[in-house]
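Enquirer: Sequence below, structure please.
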Amino acid sequence: MRFLIVIISFLVFTTLIAQTSSDAGNQALEDVVVKGTYQMKTDKEKLPISLKADFSNLVEIPERIHWSVVPWQLGKGQTTLDLFSCKTSDPRLTRIMPAPAKIFHLNFKDLSNWKIDIFRSDGQNFRTISGEGDPPKTVAWDGRGNDGKPLVPGESYAYSFTAVDRAGNRRTFPGEAFSLPCLYLKNEEEVWIGISNNCLFSTEGYGLLKTAEEYANELVNFIYYYSPNGNIKIQGNHPDVDKFLDLLSQKLGREVSIFQRVLTESAGENCFQLWAN
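Expert: Residues are numbered from 1 along each chain as shown. Down below sits the predicted model:
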């Protein structure tokens, strides 16, 4: 009887161990299955998306209203221009840049005098800037020559810096050649704008470049602001200059005859020039 009880107890114990092992194995298998097929679902807050986009090349306002150029009739021949002249703001520029044309950074001490010479591509002196004693840290050049005439955008220029110390020793430091694609200068009487032909016209003879329209948009702002009465002079000897004037007149909403042509002083001019007052 005791032996029978021992055998039964052994069988029960073995069964429990086997079941426990089987359960443990099933649990491990279930863990593997769960880890392989589990898909977590969460609700995430959607953040606002900010995209920077420039549609200036896609949207064009064909007609612009400017208070100083729109003659509203008040009766008896009077217009708003008889009462006031209002201008919105200075033209905003991205391509046509104002003076200075170039800024020279200098770091010289104990000098008696100094000078900066700016030369044309043919070697002729175009502008000389000089001073006594030590030069300032920066010297700005407005882009005008010794005769007051502006540089020619698109043409190549070079410069040199000459330093004379207090003992009379002279040293000259040559600089790198440079050119400007465009520039505008302003005085009390008028505004001058020069744009290199390479910025407006195709060198292969295909007419206007894509950038010509961007320059035309900025010129329109110039004309609206500085020449509300339409006193505009132009100079240019490129074969496609008439195409650019047509584009400019369309954006202005005026006849192309508004532009007064100025005789070209030099056959070598390779830029488009405009005066507005």
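Enquirer: how about the helices of the stretch 101-250 of the chain, start to end?
Expert: 210-226, 241-252 (DSSP state H, counting those that start in this stretch).
Enquirer: Kindly reformat those helices as a markdown table and extend each row with distance to Leu185 and mean neighbour count.
Expert: Bear in mind the C-beta positions are built from the backbone N, C-alpha and C, glycine included. Listed next are these as a markdown table, based on distance: least, Cβ to Cβ, whole Å; neighbours: other Cβ atoms under 10 Å:
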| stretch | distance to Leu185 | mean neighbour count |
| --- | --- | --- |
| helix 210-226 | 12 | 19 |
| helix 241-252 | 20 | 18 |
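Enquirer: could those helices be laid out in CSV, adding mean pLDDT?
Expert: As requested, the helices of the stretch 101-250 of the chain are arranged in CSV below (pLDDT from 0 to 100):
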stretch, mean pLDDT
helix 210-226, 92
helix 241-252, 94
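Enquirer: What count of nearby residues applies to Cys182?
Expert: Here the number of neighbours of Cys182 (other Cβ atoms under 10 Å) works out to 20.
Enquirer: was I right about it contacting Ile96?
Expert: Yes. Using Cβ atoms under 8 Å, Cys182 is in contact with Ile96, at 5.0 Å.
Enquirer: got a list of what the nearest residue to Gln260 once chain neighbours are set aside touches?
Expert: Using Cβ to Cβ, 6 or more residues apart in numbering and skipping residues adjacent in sequence, the residue nearest Gln260 is Lys233, 4.7 Å away. Residues in contact with Lys233 (Cβ atoms under 8 Å, 6 or more residues apart in numbering) are Phe259, Gln260, Arg261, Val262, Leu274, Trp275, Ala276.
Enquirer: low-scoring stretches of the stretch 151-277 of the chain, by residue?
Expert: Scanning the stretch 151-277 of the chain for pLDDT under 70 picks out the ranges 264-269.
Enquirer: For it, which segments are assigned as strands?
Expert: With strands called from DSSP state E, counting those that start in this stretch, the stretch 151-277 of the chain shows them at 158-165, 170-174, 182-186, 191-196, 232-235, 259-261, 271-276.
Enquirer: Would you mind listing the buried residues in the longest one?
Expert: Right, the one you point to is strand 158-165. Buried residues in strand 158-165, defined by neighbour count with 16 or more other Cβ atoms under 10 Å: Ala158, Tyr159, Phe161, Thr162, Ala163, Val164.
Enquirer: now the residues you listed as a markdown table including distance to Trp192?
Expert: As requested, those are exported to a markdown table (distance: Cβ to Cβ, whole Å):
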| residue | distance to Trp192 |
| --- | --- |
| Ala158 | 23 |
| Tyr159 | 22 |
| Phe161 | 27 |
| Thr162 | 30 |
| Ala163 | 33 |
| Val164 | 35 |
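Enquirer: Of those, just say which sits nearest to Gly148.
Expert: Tyr159 (18.6 Å; Cβ to Cβ).
Enquirer: per the record, what domains does the chain have?
Expert: 102-174, 187-276 (automatic domain parsing).
Enquirer: if we compare these, which one ends up closest to Pro91?
Expert: Using Cβ to Cβ, the nearest of these to Pro91 is domain 187-276, at 3.7 Å.
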